[in-house]
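# Sequence and predicted structure below; questions after.
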Amino acid sequence: MTYAVQMASISPYFLLGDFQDFDVKVPDLERRVEISTTFKFGNRLLPPEETPQHLLLRRPGKRPRDLFVTHGGAMVISQSLRDLIEEMDPSCHQFLPLSIDNLQDGSAWYILNVYANQDSIIDEKSEVSRNIWSKGNESMKIPSLGFGSGPLSVTFKKSLMGGFNIWREERYVGYLFVSDGFEAALRQRGLTFSVLRKAKDI
């Protein structure tokens with residue numbers, strides 16, 4: 001079974017914060033926007049000299065979830081979640097060290113860049129739609145992923161799946177998916193993640 005990750009835009013899944021060194025490392029605004037796009041879409045590897053390493057949360061309080069989204073769409077993960085992802089998908093994803101400067105618990109954090117992708121959704125067996133952009137580019141959309149909590153009408157072809165436990169789909173830009181084994185490992189280790197919506201495999 002596959003799960004789609006529903007990225008909520010409210011606390012505690014999204015935490016407002018400001019990168020303290022991003023504009024110094026990358027002075028050009030357009031370049032920073034492009035890098036933030038990579039945070040959201042995972043379309044390339046990010047060199048360390050382009051990525052921020054210091055985050056200030058606007059409302060620091062109790063320890064954040066093991067995965068939360070912040071400034072520019074960056075996915076921030078804990079050391080424990082990083083260890084699980086690397087254990088299940090060795091050398092498949094990018095972890096960029098990040099210090100949360102006003103969180104005084106001594107824990108390590110990372111920006112997660114998921115750039116492993118495959119093309120395994122069966123459109124005709126899924127409730128999806130097609131987006132056509134102004135320059136003729138197109139991408140697929142899952143309209144029901146963004147609200148609710150029940151199963152999704154999205155079907156994956158097992159024979160087209162590359163064995164990843166967390167990945168992106170080539171034609172479904174900005175979405176994130178995980179395996180049932182990954183979901184079970186999250187529960188077993190007591191890690192806090194985003195909302196997961198069940199899909200179907202055939």
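Looks like it came in fine. Residues are numbered from 1 along each chain as shown.

# Could you list the single helix or strand in the chain with the lowest mean pLDDT?
Considering only helices and strands, the least confidently modelled element of the chain by mean pLDDT, DSSP states H and E is strand 129-132, at a mean of 84.

# ok, and for the helix or strand A184 falls within, which residues are buried?
A184 is part of helix 180-189, with elements assigned from DSSP states H and E. Residues 182-183, 185-186 are the ones in helix 180-189 that count as buried (16 or more other CB atoms under 10 Å). Quick note: C-beta positions are derived from backbone N, CA and C, even for glycine.

# From the contact counts, what lies against the least confident helix or strand of the chain?
Packed against strand 129-132, as judged by 3 or more CB pairs under 8 Å, 6 or more residues apart in numbering; DSSP states H and E, are the following elements: strand 138-141.

# how far does whichever helix or strand comes after the strand it packs on sit from the chain's center?
The first helix or strand that comes after strand 138-141 along the chain, using DSSP H and E, is strand 155-156. Relative to the chain's own centre, strand 155-156 is displaced by 19 Å; criterion: CA atoms, centre = their mean, to the nearest Å.

# Ok, stretch 179-194 next?
15 Å.

# Which residues does that stretch contact?
Applying CB atoms under 8 Å, 6 or more residues apart in numbering, the external contacts of stretch 179-194 come out as 1-3, 5-8, 13, 65-67, 78, 80-81, 84, 88, 164-166, 196.
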